[in-house]
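Colleague: need a structure here:
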Amino acid sequence: MKGTYERFRAVLHDLGYHYNVSTLARYSGIVITRHQLRQALSVTIREHPALGVRLSGKGELTPRFVRLEKIDLDKMIHFSKVLPEDELDKFMSEQHSRGFDISATDLPLWRLVVFESRGDTPVTDIAFIYHHVIGDGKSGLAVHSTILRALNSHSLHTSGEPPLPPTIGGQKQHSASPALVTTSKRSLYPSLEQILSLSISTFTRVSMTLGPWFRYWPRKEDPGRWTGAPHHVENPNITKVRSIRIPALSVSRIVARCRTEQTTITPLFQILIGKAIFQTINATEGLRCAVAISLRRFIPLNFGYDDSVMGLWVSAFHLDYARTQLLSPKKFWDQVRGGTQKVRAEIAKGDKNLDSAMLQFIPDFRTALLDKIGQKRENSFSITNVGIFDGDPPSQSETDGKERLRISDLTFSQSAHVNGSALNFCITSVKEGGMTVAITWQEGTVSVEDVERVAEALRRDLLEVAE
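Modeller: Got it, this is the predicted structure:
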């Protein structure tokens, strides 16, 4: 495994510090049979080589990807009954608190959970859960896009097969389609080091390498900054989830308002989340925000690695906020526009002085991570916005009376970080549809009551912007 960031992600999983990423999509419009899903998943596995690998060398400094020749879909797809809306957070919490069996020699680093609805409108919820070592947040959207395109490329209502049945009593169900699928023969995606220059200034190298990671470096911590409970490890480490759903009409109004104010969605969230935390945690005077940034925009076009492929190309930048700064109502949109300028400045830097690139100067990830236990966290909250899912837009020839599946709702979330922010905000939306914000945190880092207050304040403020 050549990628430093991949090795870091492998160690996080092995320590139980961060298990996975998830994208839960609602497929609407036509009943999907088990046979059709198998066929679509077979196409998807052949399309994305990262779905056909496992990890070897657990606990070693240099873990390795091992290619699997075939995958048994009976071991990868788990069927269940309809997922009620009020059970969504519990389901995601369970999934994000469970990793992958790295010792298994026949299992890849992902799983699929399928929920079938028997309501009047044909709906199938499909959760794709994957190890962060094989993909970033946009990778989950890429996989669902491939599944959707594969399903829409076949006749979905002529097979005569019944809808997807749930597993009964834990017994395997029989199927007419073969369970073994041949994996992709394509090359695995390249690491950051292989496609970007990742240049780092001497000042950045010293300050970022020694500052955050090594316990003997003199720290200048802000005693007034809230970051939840210090880094801590439980057995097991539980991820808690609280999701917020914003309806389509409100989303369109929020986007329109942002355009009027010459800003974008992510900076708006930076300010609204900061306000919500300040309103909830009265004792704090400062916050630090980590904002994830996709590095795909910097990859040369000749590589062909756009948003349609799986890969791990992401970094983050940081912002500091003071209570008096964010709680001034007269300066609200000025603050949001300031956040927009910061995002643009980070993008303008290109692949220079990236957080992800700094990992190459840490000789032993395991030791560095274990040394942080008991120390104060660096960040109060983090934001990952994977953007708008456009799905499988039909061509002109496919719009004439043909029924098609569409993804009408999407939830992106990830495990809490033992080594990271107190609160994580995962944002995604569907084109011309609603928006979901999934808040995740490690149990014991923030109280459920405080998260509930932050969530409600954020939801209220978003709807207020829409009005």
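Colleague: what's the closest non-adjacent residue to the residue nearest in space to the middle of the chain?
Modeller: With distances taken as C-alpha atoms, centre = their mean, G137 lies nearest the centre of the chain, 3.8 Å away. Nearest non-adjacent residue to G137, counting by C-beta to C-beta, 6 or more residues apart in numbering: V386, 4.2 Å away. Every residue, glycine included, has its C-beta placed from N, CA and C.
Colleague: tell me which element the one you found is part of?
Modeller: Assigned by DSSP states H and E, V386 belongs to strand 381-389.
Colleague: for that strand, give me every contacting residue.
Modeller: 25, 137-138, 140-141, 144-145, 265-266, 269-270, 273-274, 277, 287, 289-292, 316, 407, 410, 412, 414, 417, 420-431 (C-beta atoms under 8 Å, 6 or more residues apart in numbering).
Colleague: show the subsequent helix or strand relative to that strand.
Modeller: strand 406-414.
Colleague: that older thread, so how many other residues sit close to the residue nearest to G137?
Modeller: V386 has 23 neighbouring residues, counting by other C-beta atoms under 10 Å.
Colleague: give me the buried subset of the contacts of strand 381-389.
Modeller: Among the contacts of strand 381-389, those classed as buried by 16 or more other C-beta atoms under 10 Å are 25, 137-138, 140-141, 144-145, 265-266, 269-270, 273-274, 277, 287, 289-292, 316, 407, 410, 412, 414, 417, 420-430.
Colleague: so which of those residues are in helices?
Modeller: Among the buried ones among the contacts of strand 381-389, the members found in helices (DSSP state H) are 137-138, 140-141, 144-145, 265-266, 269-270, 273-274, 277.
Colleague: so which of the residues you listed comes closest to D351?
Modeller: Set against D351, the nearest of those by C-beta to C-beta is K138 (17.0 Å).
Colleague: state the distance from that closest one to V181.
Modeller: According to C-beta to C-beta, to the nearest Å, K138 stands 24 Å off from V181.
Colleague: wait, A40 touches V143, no?
Modeller: No - counting by C-beta atoms under 8 Å, A40 sits too far from V143 to count as a contact (10.7 Å).
Colleague: compare the two (neighbour count), which wins?
Modeller: Shown here are A40 and V143; by other C-beta under 10 Å, V143 has more neighbours (26 against 23).
Colleague: nearest residue to that one in space, please, no chain neighbours.
Modeller: F128 (5.4 Å).
Colleague: can you classify that neighbour as helix, strand or coil?
Modeller: Classification of F128 using DSSP: H, G, I helix; E, B strand; the rest coil returns strand.
Colleague: ok, T436 next?
Modeller: Going by three-state DSSP: T436 is strand.
Colleague: where do the helices sit along this structure?
Modeller: Using DSSP H, helices in the chain cover 4-15, 34-47, 73-76, 88-96, 137-152, 192-195, 202-213, 248-260, 265-280, 323-326, 332-348, 355-358, 365-370, 448-466.
Colleague: low-confidence ranges, the stretch 101-250 of the chain, go.
Modeller: Along the stretch 101-250 of the chain, segments meeting pLDDT under 70 span 118-121, 154-178, 204-223.
Colleague: go again with 50.
Modeller: Residue ranges of the stretch 101-250 of the chain with pLDDT under 50: 155-160, 162-177, 215-219.
Colleague: low-confidence ranges in the stretch 301-450 of the chain?
Modeller: 396, 399.
Colleague: ok, back up a step: hmm, the residue nearest to V143 is touching T23, no?
Modeller: Yes - contact status for F128 versus T23: in contact at 5.3 Å, counting by C-beta under 8 Å.
Colleague: what do these two both touch?
Modeller: G140, V143, H144.
Colleague: got a list of what the first one touches?
Modeller: With contacts taken as C-beta under 8 Å, 6+ apart, G140 has the following neighbours: V21, S22, T23, F128, Y130, V386, F412.
Colleague: let's go with 7 Å and repeat that
Modeller: V21, T23, F128, Y130, F412 (C-beta atoms under 7 Å, 6 or more residues apart in numbering).
Colleague: what's the separation between it and I281?
Modeller: Distance from G140 to I281, by C-beta to C-beta: 31 Å.
Colleague: over to the second one?
Modeller: Between V143 and I281 the computed distance is 37 Å (C-beta to C-beta).
Colleague: same question, the last one
Modeller: The span separating H144 from I281 equals 36 Å under the rule C-beta to C-beta.
Colleague: surely F79 meets V113?
Modeller: No - F79 is not in contact with V113 according to C-beta atoms under 7 Å; the separation is 8.0 Å.
Colleague: could you chop the chain up by domain?
Modeller: The record's domain parsing of the chain by automatic domain parsing lists 4-182, 201-355+369-466.
Colleague: tell me which of those sits nearest to P190.
Modeller: So among those, domain 201-355+369-466 is nearest, using C-beta to C-beta, at 7.4 Å.
Colleague: please state the offset of the closest one from the chain centre?
Modeller: Taking C-alpha atoms, centre = their mean, to the nearest Å, the mean C-alpha location of domain 201-355+369-466 is offset from the chain mean by 10 Å.
Colleague: grab the nearest non-local neighbour of I32.
Modeller: Going by C-beta to C-beta, 6+ apart, I32 has T124 as its nearest residue, at 4.8 Å.
Colleague: tell me the bridge partners for that neighbour.
Modeller: Y27, E116 (DSSP bridges).
Colleague: check the gap between it and K75 for me.
Modeller: Counting by C-beta to C-beta, the gap from T124 to K75 is 20 Å.
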